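[1] coords please:
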Amino acid sequence: MQTSRNGYEPPKWSVALTALAGLLLAGGCQNGHGRQAAPAPVPEVATVKVSMESVALDTELPGRTSAYLAAEIRPQVNGIIQKRLFTEGSSVRAGQALYQIDPAPFQANLDNAKAAVAKAEANLASIRSRAERFKELLPEKAVSQQDYDDAAAALKMTEADIEYWKAMVRTARINLGYTRITAPISGRIGKSNVTEGALATAQQPTPLSTIQQLDTVYVDVPQSTTDLLRLKRSLEGGRLNQGGANQKKVRLFLEDGSEYPLAGTLQFRDVTVDPTTASVILRVVFPNPKGVLLPGMFVRAVVREGIKEKAILIPQQAVSRDPKGNPLTLVVDAGDKVSQRMLTLDRAIGDKWLVTAGLESGDRVIVEGMQKVRPGASVRAVPFEAAKSK
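    The predicted structure follows:
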């Protein structure tokens with residue numbers, strides 16, 4: 001290392017910095033006058049090509065099950081329960097005896113009515129004969145008109161008494177039959193609300209028991225009037241087709257999330273709106289041969305709205321949101337430039353969104369690589385399926 005003329009020797013670190021600056025300056029000159037710096041690479045994005053397809057539109061609605069037929073067992077006469085003739089929770093058939101009410105007072109009423117009929121019929125013969133004799137003697141003035149009228153009136157009264165007591169016999173027989181309470185329908189009977197020795201009263205508010213037919217069950221599903229009006233507009237506008245063999249078929253999911261194996265049939269849509277919920281009831285009938293569905297269960301029904309013939313579906317990951325929450329996506333145009341599209345979404349179908357506005361058939365929607373690009377940037381687009389297979 002050399003010293004300056006005045007004898008000053010520079011420090012070692014100063015010499016090193018001077019050498020480093022020279023190297024950097026030499027490199028800069030080489031880049032400026034020699035080979036140019038390589039341009040930034042064009043980002044690669046994975047896209048899907050939008051196409052029209054036919055899509056079945058379903059709506060999932062909550063609902064509850066109810067018995068296909070239900071009958072509350074109530075007594076029709078007053079009396080003491082003598083016997084319960086069924087096993088709680090068992091299957092019963094229509095006409096099977098369920099309870100026996102003490103029949104003694106009703107049998108006595110029937111016997112009394114029968115005796116009254118016999119008594120009236122016993123008097124009828126003599127009263128009729130008297131009336132007929134008075135009728136024969138009346139032209140000869142052997143009896144007065146008043147005597148004949150009294151005899152004829154007595155005959156009619158006796159005949160009326162006979163009809164009255166016959167009616168009382170029928171009423172007593174009916175009431176006696178009511179002491180044996182039978183099943184009005186076939187089905188499964190629940191627990192008994194009374195025991196032997198309890199007093200039963202006619203038309204009492206608390207049923208003795210309840211029978212429910214469960215081979216087939218109803219599922220009542222509320223649908224909002226907003227959805228109903230939207231569906232009606234879609235049908236009238238031709239955007240939805242309700243034709244097809246499976247239009248009235250309904251799928252069912254149970255409380256544990258499992259799908260019920262048998263499909264139901266949409267029976268009718270109610271015409272009255274519930275003012276408290278602004279909804280109408282859809283009634284669906286489901287077969288229930290194994291008794292899986294019980295009345296009162298909470299279920300989810302998937303109802304077919306119709307078929308959308310020209311639907312656009314894009315993967316959910318291709319949709320993002322602006323700060324206001326509006327959905328948007330990025331597409332690649334014919335010049336491989338990125339542009340932004342605002343979307344109108346209908347619903348999620350599986351892992352895709354149903355798009356009703358914002359895209360057209362043939363558009364290339366970016367599915368992967370959205371974070372690397374901005375609107376107006378140039379990109380290299382590759383098919384999304386090809387990108388996933390790499």
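
[2] make it CA atoms for all contacts and neighbour counts henceforth
    Fine.

[3] What segments of the stretch 1-150 of the chain are helices?
    Assigned by DSSP state H, counting those that start in this stretch, the helices in the stretch 1-150 of the chain fall at 12-33, 104-137, 145-178.

[4] which residues touch residue 114?
    165, 166, 169 (CA atoms under 8 Å, 6 or more residues apart in numbering).

[5] Compile these into a markdown table and extend it with columns for distance to residue 116, pLDDT and neighbour count.
    Output for those, formatted as a markdown table (distance: CA to CA, whole Å; pLDDT from 0 to 100; neighbours: other CA atoms under 10 Å):
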| residue | distance to residue 116 | pLDDT | neighbour count |
| --- | --- | --- | --- |
| 165 | 6 | 94 | 20 |
| 166 | 9 | 95 | 17 |
| 169 | 9 | 96 | 21 |
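
[6] Among those, which one lies nearest to residue 322?
    Ranked by distance to residue 322 (CA to CA), the contacts of residue 114 are led by residue 169 at 85.4 Å.

[7] check contacts around residue 289.
    With contact set as CA under 8 Å, 6+ apart, residue 289 has these partners: 215, 216.

[8] pretty sure it is in a helix, no?
    No. Read with DSSP: H, G, I helix; E, B strand; the rest coil, residue 289 is coil and lies in no helix.

[9] can you put the helices of the stretch 1-150 of the chain in a markdown table and add distance to residue 319?
    Listed next are these as a markdown table, based on distance: least, CA to CA, whole Å:
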| stretch | distance to residue 319 |
| --- | --- |
| helix 12-33 | 43 |
| helix 104-137 | 79 |
| helix 145-178 | 70 |
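
[10] coming back round to it: between the contacts of residue 114, which is closest to residue 259?
    residue 169 (58.1 Å).

[11] Show me the chain divided up by domain.
    What automatic domain parsing lists as the domains of the chain is 46-55+311-389, 57-67+214-307, 77-100+181-206, 104-178.

[12] shaky segments in the stretch 151-300 of the chain?
    Across the stretch 151-300 of the chain, the stretches falling below the confidence threshold (pLDDT under 70) are 235-246.

[13] mind listing the strands for it?
    180-182, 187-189, 199-200, 209-224, 249-253, 264-269, 279-287, 298-315 (DSSP state E, counting those that start in this stretch).

[14] got the buried residues for the longest one?
    To tie it back to what came earlier, the one meant is strand 298-315. 298-308, 311-315 (16 or more other CA atoms under 10 Å).

[15] Output the contacting helices and strands for that strand.
    strand 53-73, strand 249-253, strand 352-357 (3 or more CA pairs under 8 Å, 6 or more residues apart in numbering; DSSP states H and E).

[16] Could you list the residues in contact with the helix or strand just after it?
    Following strand 298-315 in sequence order, the next helix or strand is strand 320-321 (DSSP states H and E). Residues outside strand 320-321 that contact it (CA under 8 Å, 6+ apart) are 327, 328, 329.

[17] Nearest to residue 375, out of the helices of the stretch 1-150 of the chain?
    From the helices of the stretch 1-150 of the chain, taking CA to CA, the stretch that ends up closest is helix 12-33, at 32.3 Å.

[18] Tell me who's in contact with residue 96.
    By CA under 8 Å, 6+ apart, residue 96 lies in contact with 182, 183.

[19] What backbone torsions are found at it?
    Main-chain torsions, residue 96, degrees, to the nearest 10: phi -70, psi 140.

[20] can I get the contacts of residue 114 in CSV with distance to residue 176?
    Compiled in CSV, those are given as follows (distance: CA to CA, whole Å):
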residue, distance to residue 176
165, 16
166, 15
169, 10
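
[21] Which one of those residues is nearest to residue 105?
    When the contacts of residue 114 are compared against residue 105 (criterion: CA to CA), the nearest one is residue 169, at 13.8 Å.

[22] Would you enumerate the residues in contact with the residue lying closest to the closest one once chain neighbours are set aside?
    In space, and not counting its chain neighbours, residue 169 is closest to residue 113: 5.1 Å by CA to CA, 6 or more residues apart in numbering. Residues near residue 113 by CA under 8 Å, 6+ apart: 165, 166, 168, 169, 172.

[23] now, which of the residues you listed sits nearest residue 42?
    Out of those, the member with the shortest distance to residue 42 (by CA to CA) is residue 172, at 100.4 Å.

[24] burial count for the closest one?
    For residue 172, the neighbour count with other CA atoms under 10 Å is 22.

[25] do the same with residue 229
    Residue 229, neighbours per other CA under 10 Å, totals 11.

[26] Next: residue 104.
    12.

[27] What of the one 5 residues further on?
    Residue 109 has 18 neighbouring residues, counting by other CA under 10 Å.

[28] mind listing what the residue lying closest to it once chain neighbours are set aside touches?
    Nearest non-adjacent residue to residue 109, counting by CA to CA, 6+ apart: residue 172, 5.9 Å away. Contacts for residue 172 (CA under 8 Å, 6+ apart) come out as 106, 107, 109, 110, 113.
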